[in-house]
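Chemist: Predicted model and sequence below, questions to follow.
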Amino acid sequence: MVELKKRGGIILLIRPLERQDLKDVHSVHNEQDTMAYWFAEPYESYAELEELYNRHIHDKHERRFVIEEAGEFAGVVELVDIDYIPRTCEIQVIVLSKFRGRKIAQKAMESALEHAFYILNMHKVFLYVDTVNQPAIHVYKKLGFQLEGTMKEQFYARGTYRDSYFMGILKRDFIKSHQSNEK
């Protein structure tokens, strides 16, 4: 569990996903506009979500964290497809629309990156992002992610095939940027 103090005394909390969070996660997964940015089908059933939770609770290839602001569910940040041979994983984040624009995604991702690099000893963390999602791309670049390529018509969302950027950050670059930010 990580507590991050924010201006005004509001605390941002990053903690492991628990069964009692599934109701909130289910509501996020049923927001069509939000899930389009995750290149995922919206409207999954609660039973399906419970089944996924039960199947992956002890899965060493996934880590899911809840983001809370002042005790209220604000989103999720996930490390998925964790591969311990090349030491890589994908990072994903969803922040509810009412919490966007407050740097919550940036702080949650930074915390998840620390977990990936310092706890799991990942060498590289990568992500996919819709090429038109400029707010997210801006956040990812601020965190140190580098554009590694464009994947043409990689995902289907909102009734059309979408291009996505493939972005990544190496552990050494993350550590270097953190050291310069702490000075």
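Modeler: Sure, I can see it.

Chemist: and Val139, what is it in contact with?
Modeler: 105-106, 109 (CB atoms under 8 Å, 6 or more residues apart in numbering). C-betas here are computed from N, CA, C, even on glycine.

Chemist: 7 Å instead, please
Modeler: Contact analysis of Val139 by CB atoms under 7 Å, 6 or more residues apart in numbering lists 105-106.

Chemist: What confidence value was assigned to it?
Modeler: For Val139, the model assigns a pLDDT of 95.

Chemist: That one: helix or strand, and which one exactly?
Modeler: Secondary structure from DSSP states H and E places Val139 in helix 134-143.

Chemist: can you pull the buried residues of that helix?
Modeler: 136-137, 139-140, 143 (16 or more other CB atoms under 10 Å).

Chemist: Please identify which of the residues you listed is nearest to Met122.
Modeler: Checking the buried residues of helix 134-143 against Met122 by CB to CB gives Leu143 as the nearest, at 14.4 Å.

Chemist: contacting residues for the closest one?
Modeler: 106, 109-110, 113, 169.

Chemist: any chance of those residues in TSV, plus pLDDT?
Modeler: Shown next, in TSV, are those (pLDDT from 0 to 100):
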residue	pLDDT
Gln106	92
Met109	95
Glu110	94
Leu113	97
Ile169	99
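
Chemist: who wins for most neighbours among the residues you listed?
Modeler: The most neighbours of any of the contacts of Leu143, using other CB atoms under 10 Å, belong to Met109, which has 26 neighbours.

Chemist: Just confirm Lys98 is within a helix.
Modeler: Yes: according to DSSP: H, G, I helix; E, B strand; the rest coil, Lys98 belongs to a helix.

Chemist: separation between it and Ile104?
Modeler: Lys98 sits 11 Å away from Ile104, taking CB to CB, to the nearest Å as the criterion.

Chemist: would you list every one of the helices in this protein?
Modeler: Assigned helices in the chain, in chain order: 22-29, 32-37, 46-56, 104-114, 134-143, 171-182 (criterion: DSSP state H).

Chemist: And those helices: which comes nearest Lys124?
Modeler: Nearest of these (CB to CB): helix 171-182, 7.1 Å.
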